[in-house]
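Chemist: I need the structure of the sequence given here:
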Amino acid sequence: MGRLRVRRALGGALIRSASDFPNGFTARTDVCVIGSGSGGGVATGLLAGAGRDVFLIEEGPHVPAAKMTQREDEMFPLLFRDGGQQTTADGTISVLQGRALGGSTVINMADVVPIPDGVWAHWETSFGLTRYSLDNLREADAACGAAIGANQMAVEALNRNNALLLAGGRKLGLTGGRFVHNRVGCVGSGYCLIGCAYDAKRSVAVTWIPRALETGHLTVQTEARATHFETDGKRVVAVVGELINPRDNRSLATFRVEADHFVLAAGAIHSPVLLQASGLGGPRVGRNLSLQPQAAVAALFDEDVVMFRGIPQAAYIDSTETATEAGGLGGYRLEGVAAGPGQAAQSLAMSGADVHAFMTHYRQAASCLCLVPDRPVGTVTRDRVGRPKIAYAMTDGVRKTLKEAVHTASRAYLAAGARSVVLPLVGATPVEKESDLDQLKSLDFRPVSMISAHPQGTCRMGPDAETSVVDPSLRVHGVDNLHVVDASVFPTTSSSHTMMPVMAMSWLAMQEML
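Modeler: Residues are numbered from 1 along each chain as shown. Here you go, the predicted structure:
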């Protein structure tokens, strides 16, 4: 196989890349974990900490802080799946997911939002998920929050962008607050979305995985794409895949990892594809997808806002968000947000000349996202070359709620003193006074650019194999040694942000497995 070249990082332990094995490899371990994000990171940390030999497979590269250049053109291709261009089949929604060691925890906004009590009650009564109690869930939240340094954001941490959203909301009588987040020692660079070059964001890559490496029970293989499981009766015996060039996804060699147990944590888009390729999970694999679609509202002020400095997403308005036993998560919420100039310009519902004019006032711009918890209506299937096909159509109810959210966000910005507000709808004109919002009554809801940062469902958990993919302990129905521990297991939208819900469910499942 040639001379073995390895990287030493994170406490001196080995992190392997594709170039270390030009002819591929075969390995044997106690537990193989596929995916290194919220769920895979927690599973890896707990299993290795308990003395199990763990082999962690990650499709993306290892990108330490020193390699995070804070340039959109370099970091999006390196850290995001498909360079940030993964979309639904009709191209209307960008489905953003991380693809690097640490998964989406490397590129998320660091918001720590647990599963609300009402959602947990909804899952218990509507889906028969009574294996773990609410007390068990909160214990998991506490343990995972401590591991990633979760803390309440200080008032002084709010930049002007987030403060304006709260101020406008207060004038309208709307309630909101500051996020709990997992930044420690934040310098306020504003580049959270393209990786923290200061390791202040306590992602899985700088918390759970280093601790696991320090035990001596973990091997990390990056730049490795799992393609299918090999099975023997009711057991998985190996996962097979390709070592790839992460820059162009070119296959370089093959690998095979044998293990006693397997933990799948590839996310709500790619976990079902891997199960489908392997003939596992039953007829419901890939169904019940939720995307929680988000649309951006932007506003211009007379004075500087400088939304691209400081913590991008620090405050929210949640007056209309609900979490009930009867319906789960509903309503909508508004959250302050910021992006680099490339992504910001792409999200504007304007002509080229108008986008140019708007961006000349980028320092005076503010923006927020309108988040709507949707029902699980989408599907994920494998296309003819094995890639995921994401089929999703917004329901009339989601369209109506998104329009209401856009209306509220616009009013909040006008109340905060904005001179104009840009609506995220095709055919909309800039809003300068509340009466201009009357155009929403006649406009079809056709957003120019929408994102999904929280895909969920597709491997639903439940007690019945006919209606779910994994059982309440997150073990795949009919397979003795395969767990799924990512957002794909949620029967409905879990929360407005999925990092903590995924970590908590992984923690519960791994505690029981151990």
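
Chemist: Any regions of the protein where pLDDT drops low?
Modeler: Within the chain, the segments meeting pLDDT under 70 span 1-13, 350, 447-448.

Chemist: Can you show me the CA trace of the strand ranked longest in it as CSV?
Modeler: Longest strand in the chain, counting residues (DSSP state E): strand 250-264. Extracted C-alpha coordinates of strand 250-264, given in CSV (Å, rounded to 0.1, in the frame of the first residue of the first chain):
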residue,chain,number,x,y,z
ARG,A,250,-13.3,11.9,-7.4
SER,A,251,-13.1,8.3,-6.2
LEU,A,252,-9.5,7.3,-5.4
ALA,A,253,-9.7,3.9,-3.8
THR,A,254,-12.1,1.6,-1.9
PHE,A,255,-12.4,0.8,1.8
ARG,A,256,-14.2,-1.8,4.0
VAL,A,257,-14.7,-1.6,7.7
GLU,A,258,-15.9,-4.6,9.7
ALA,A,259,-17.4,-4.1,13.2
ASP,A,260,-19.6,-5.6,15.9
HIS,A,261,-21.9,-2.6,15.9
PHE,A,262,-22.6,0.3,13.5
VAL,A,263,-23.9,3.8,14.2
LEU,A,264,-25.3,5.8,11.2
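
Chemist: got the buried residues for that strand?
Modeler: Buried positions in strand 250-264, judged by neighbour count with 16 or more other CB atoms under 10 Å: 252-255, 257-259, 261-264. In short, each C-beta sits where N, CA and C put it, glycine included.

Chemist: and the helix or strand hosting residue 227, what other elements does it pack with?
Modeler: Assessed by DSSP states H and E, residue 227 sits inside strand 224-232. Secondary-structure packing of strand 224-232 (3 or more CB pairs under 8 Å, 6 or more residues apart in numbering; DSSP states H and E): strand 235-245, strand 250-264, helix 267-278.

Chemist: nearest to residue 487, of these?
Modeler: Nearest to residue 487, of all the helices and strands packed on strand 224-232, is helix 267-278, at 4.7 Å by CB to CB.

Chemist: after the helix ranked longest in the chain comes which helix or strand?
Modeler: With secondary structure taken from DSSP state H, the chain has its longest helix at helix 396-415. Once helix 396-415 ends, the next helix or strand along the chain (criterion: DSSP H and E) is strand 420-422.

Chemist: List the pairing partners of the helix or strand just after that next one within its sheet, with orientation.
Modeler: As assigned by DSSP H and E, the chain's next helix or strand after strand 420-422 is strand 450-452. Applying DSSP bridges, strand 450-452 is found paired with strand 93-95 (parallel), strand 294-300 (antiparallel).

Chemist: Can you add mean neighbour count and distance to residue 488 and give those back as JSON lines?
Modeler: As requested, the strands paired with strand 450-452 are arranged in JSON lines below (neighbours: other CB atoms under 10 Å; distance: least, CB to CB, whole Å):
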{"stretch": "strand 93-95", "mean neighbour count": "24", "distance to residue 488": "13"}
{"stretch": "strand 294-300", "mean neighbour count": "25", "distance to residue 488": "19"}
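
Chemist: possible to save those as a markdown table with distance to residue 475?
Modeler: A markdown table is the format used below for the strands paired with strand 450-452 (distance: least, CB to CB, whole Å):
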| stretch | distance to residue 475 |
| --- | --- |
| strand 93-95 | 27 |
| strand 294-300 | 32 |
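
Chemist: Would you tell me which of these gets closest to residue 346?
Modeler: Set against residue 346 and scored by CB to CB, the strands paired with strand 450-452 come closest in strand 93-95, at 9.1 Å.

Chemist: and the closest one, how far from the chain's centre?
Modeler: 12 Å (CA atoms, centre = their mean, to the nearest Å).

Chemist: ok, now stretch 307-327?
Modeler: 15 Å.

Chemist: Could you export that stretch as PDB, CA atoms only?
Modeler: Provided in PDB are the C-alpha atoms of stretch 307-327 (Å, rounded to 0.1, in the frame of the first residue of the first chain):
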ATOM      1  CA  MET A 307     -24.400  43.100  10.500                       C
ATOM      2  CA  PHE A 308     -21.400  41.100   9.300                       C
ATOM      3  CA  ARG A 309     -19.500  41.700  12.500                       C
ATOM      4  CA  GLY A 310     -20.300  40.200  15.900                       C
ATOM      5  CA  ILE A 311     -22.400  37.200  16.400                       C
ATOM      6  CA  PRO A 312     -24.500  36.700  13.300                       C
ATOM      7  CA  GLN A 313     -27.500  35.000  14.900                       C
ATOM      8  CA  ALA A 314     -28.000  36.100  18.500                       C
ATOM      9  CA  ALA A 315     -31.600  37.100  19.000                       C
ATOM     10  CA  TYR A 316     -35.100  35.900  18.100                       C
ATOM     11  CA  ILE A 317     -38.800  36.800  18.200                       C
ATOM     12  CA  ASP A 318     -40.900  33.900  19.100                       C
ATOM     13  CA  SER A 319     -44.300  35.400  20.000                       C
ATOM     14  CA  THR A 320     -46.100  33.200  17.500                       C
ATOM     15  CA  GLU A 321     -44.200  30.000  17.900                       C
ATOM     16  CA  THR A 322     -46.100  27.200  19.600                       C
ATOM     17  CA  ALA A 323     -45.300  23.800  21.000                       C
ATOM     18  CA  THR A 324     -48.200  21.600  22.000                       C
ATOM     19  CA  GLU A 325     -49.100  18.000  22.700                       C
ATOM     20  CA  ALA A 326     -51.800  18.100  20.100                       C
ATOM     21  CA  GLY A 327     -49.800  19.600  17.200                       C
END
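
Chemist: Helices of the chain, residue ranges please.
Modeler: Along the chain, counting by DSSP H, helices occupy 38-49, 72-79, 117-127, 134-147, 160-171, 208-214, 267-278, 341-346, 352-359, 396-415, 499-513.

Chemist: Show me the contact partners of the second one.
Modeler: Contacting residues not belonging to helix 72-79 are listed as 60-61, 63, 67-69, 83-84, 98-100, 106-107, 194-195, 246-247, 340-343 [CB atoms under 8 Å, 6 or more residues apart in numbering].

Chemist: can you pull the contacts of the residue lying closest to residue 362 once chain neighbours are set aside?
Modeler: Spatial nearest neighbour of residue 362, chain neighbours left out: residue 341 (6.2 Å); criterion: CB to CB, 6 or more residues apart in numbering. Residues in contact with residue 341 (CB under 8 Å, 6+ apart) are 72, 308, 359, 362.

Chemist: burial count for the second one?
Modeler: To tie it back to what came earlier, the one meant is residue 308. Using other CB atoms under 10 Å, residue 308 has 19 neighbouring residues.

Chemist: neighbours around residue 61, how many?
Modeler: Residue 61 sits with 20 neighbouring residues when counted by other CB under 10 Å.

Chemist: what about it, distance to residue 157?
Modeler: 31 Å (CB to CB, to the nearest Å).
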